[in-house]
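# Sequence plus the predicted model coming up.
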Amino acid sequence: MEPKMYAYQCTRCGELHHPRHFVCRKCGNRDFAQVPLEGEAALVTHTRVYNLPEGYMKPFLIFGIARFSNGLCVSGQLEADHPESGMKLKATVGVVKEGVGRDYYGFIFKGAD
Amino acid sequence: MSVRQVGIVGVGHTRFGRFEGPFVEMLSQAAVEALDDAGIRTGEGHGVDQVFVATMGASMLNRQSGVASALVDTLNLRPAMAETVENGPASGASAVKLGYMAIASGMCDVVLVVGGEMMRTVSGWEATDFVATMLHPEAEYNYGLTLPTFAGMFTRLYMEKYGVEEKDLAIVSVKDHQNAMHNPVAHIQLVPDLYSITEDEDARIINPYVAEPLHVYDVCPVSDGAAAVVLCAMEAAGRFRKKPVRIAGVGQATDTHVVAERAVSTDLLAVRLAAQRAYRMAGLKPADIDVAELHDAFTILEIAESEEVGFFPRGEGHLAARRGDTRVGGKIPINTSGGLKAKGHPLGATGVSQIVELVRQLRGEAGGRQVEGAKAGLAVNFGGFGNNVVATILAREE
Ligand SMILES: [Zn+2]
């Protein structure tokens, strides 16, 4: 099954959260509906990092913060040749870290170019 | 508020860098120096009611828990009360805050606060990974995100919004290293040349990127070290050798755990709120502060914090650094100790170390980095990527 990422929408006031919170930041409610968090996003900021964790077999990785059209901002990995603030990105989900006995999935944003 | 006034009568500090020996021995060295400074004789009749030890990583890096109990025993301060305090890189200022509360409440008269971290027992990457465990596990840590990553992304936002340049960051770094040359306990005792680390053809080699646009000279080193202070009720201060420096204000605030969730991505709201609370308690305003220690784990933080605490208008901290306002002799000297950048950043020690520097400044004991006539000092100790911040204001007693 294709892994998915989700936003958590307050069932009382509709406020969106990512990641999941126990209590709604707006109204204090504790019930949330899971809604897919996917599609297009815009790059807010990014950095190319050279000192990578063990297990990442690359000279560098690019990380960024992206804003979805619903307003939610999330951190993720970024695959783009010429990242620039404001550029359009496509949100994909992939392995962001290979753990011992399990892989971790998360956002990998790709330049729409 | 009907609380007792609290003063600092003793300070101690190990040389930051590499410490050979057990963790608790390092803490002990700073502790006895602070006790000696206060004129407290160890042994019977020491009078210490409570010990707080600040450390973020003793259990993870050194595989030791119950550190405060161990310290009380080796110093033979038994049966003093003892707790270990963990609040990430802001553990030190949190421990001082708890010491303040213990005395202000009337529960204690004399409190010893010791902060320490032994980080060089692990590799540089393991240290970075350990610090990253305070990030959000699923939304941040699991991605391979680290504190330098967030600092790099924050720096880019700041540059694009306010026109900060890489050279401005280097100016802050060089200033901190110059100050550290006058601080015998600082880890790094060399001054990089501004031209060589920014414009020279070899600049990219001697000062490579760590997390763009941050270079090596924008990032604090990994250090071992400990710092200690002795707090007492002002009404009991006459017992001690040194004149007390008063804790005039303490403020603390939290912000979102997940950095991407912040409404304004260039704001460090917890810094602003913590400082405002400390000013209110002290009855002082930013213009009353003569010297400041701001948590510059990354050079951009010194600039952003100098704005958030009200020294400069938003977006103008880098202009102040360019003008030299933050140097010793300038309008408001910042990080006279060398800051985290040059003095080093042993996590649990840092908040206590900042207070030690302010005490030395307010006593007039800061040697070649002395701010003449300093009467009030501000320290900002920054936890997470700004999600838990403690601000402390000290004032010289006339
Ligand atoms: Zn709600």
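Great, that's in hand.
# SS state for the residue in the stretch 1-150 of chain B that the ion sits nearest to?
Using CB to the ion, residue B:139 is the residue of the stretch 1-150 of chain B that sits closest to the ion, at 19.1 Å. No exception for glycine: its C-beta is placed from N, CA and C like everyone else's. Following DSSP: H, G, I helix; E, B strand; the rest coil, residue B:139 is assigned to coil.
# was I right about it contacting residue A:76?
No. Contact between residue B:139 and residue A:76 fails when scored by CB atoms under 8 Å: they sit 9.3 Å apart.
# how close does residue B:147 get to chain A?
Distance of residue B:147 to chain A, given as CB to the nearest CB, to the nearest Å: 11 Å.
# just to revisit the earlier point, which one's more surrounded, residue B:139 and residue A:76?
residue A:76 (28 against 23; other CB atoms under 10 Å in any protein chain shown).
# For the more buried one, give me its contacts.
By CB atoms under 8 Å, 6 or more residues apart in numbering or on different chains, the contact list for residue A:76 reads A:63-66, A:91, A:96, A:106-109, B:143.
# again, only this time at 10 Å
Each residue near residue A:76 by CB atoms under 10 Å, 6 or more residues apart in numbering or on different chains is listed here: A:5, A:41, A:46, A:62-66, A:89, A:91-94, A:96, A:106-109, B:139-140, B:143, B:145, B:260.
# Need the pLDDT of it.
Here, the pLDDT recorded for residue A:76 equals 98.
# and the host helix or strand of it, which strands flank it?
If you go by DSSP states H and E, residue A:76 is part of strand A:73-79. Strand A:73-79 has the following strand partners under DSSP bridges: strand A:61-68 (antiparallel), strand A:103-111 (parallel).
# okay, and the common contacts of residue B:139 and residue A:76?
Common contacts of residue B:139 and residue A:76, defined by CB under 10 Å, 6+ apart, comprise A:5, A:106-107, B:145, B:260.
# mind checking how far residue B:283 is from residue A:7?
According to CB to CB, to the nearest Å, residue B:283 and residue A:7 sit 45 Å apart.
# actually residue B:62, not the one I typed
Taking CB to CB, one finds residue B:62 at 40 Å from residue A:7.
# cool, residue B:85 as well?
Residue B:85 is 36 Å from residue A:7, by CB to CB.
# Please identify which of those two sits among more neighbours.
It is residue B:85, of residue B:85 and residue A:7, that has more neighbours when counted by other CB under 10 Å, with 25 against 21.
# List just the nearest of the shared contacts of residue B:139 and residue A:76 to the ion.
residue B:260 (19.3 Å).
# Pretty sure residue A:71 is one of the things the closest one touches, is it not?
No. The criterion here is CB atoms under 10 Å, and residue B:260 misses it with residue A:71 at 11.7 Å.
# what about these two, which has more around it?
Each of residue B:260 and residue A:71 has its neighbours counted (other CB under 10 Å); residue B:260 has more, 25 against 7.
# Quick one: residues contacting the more buried one.
A:18-19, A:44-45, A:64-67, A:72-76, B:136, B:139-140, B:145, B:150, B:153.
# Quick one, grab the pLDDT at it.
Reading off the model, residue B:260 has pLDDT 98.
# for the closest residue to it other than its chain neighbours, what are its contacts?
Leaving out its chain neighbours, the residue that sits closest to residue B:260 by CB to CB, 6 or more residues apart in numbering or on different chains is residue A:73, at 4.3 Å. If a contact means CB under 10 Å, 6+ apart, then residue A:73 has A:18, A:41-42, A:44-45, A:65-67, B:258-263, B:265 as its contacts.
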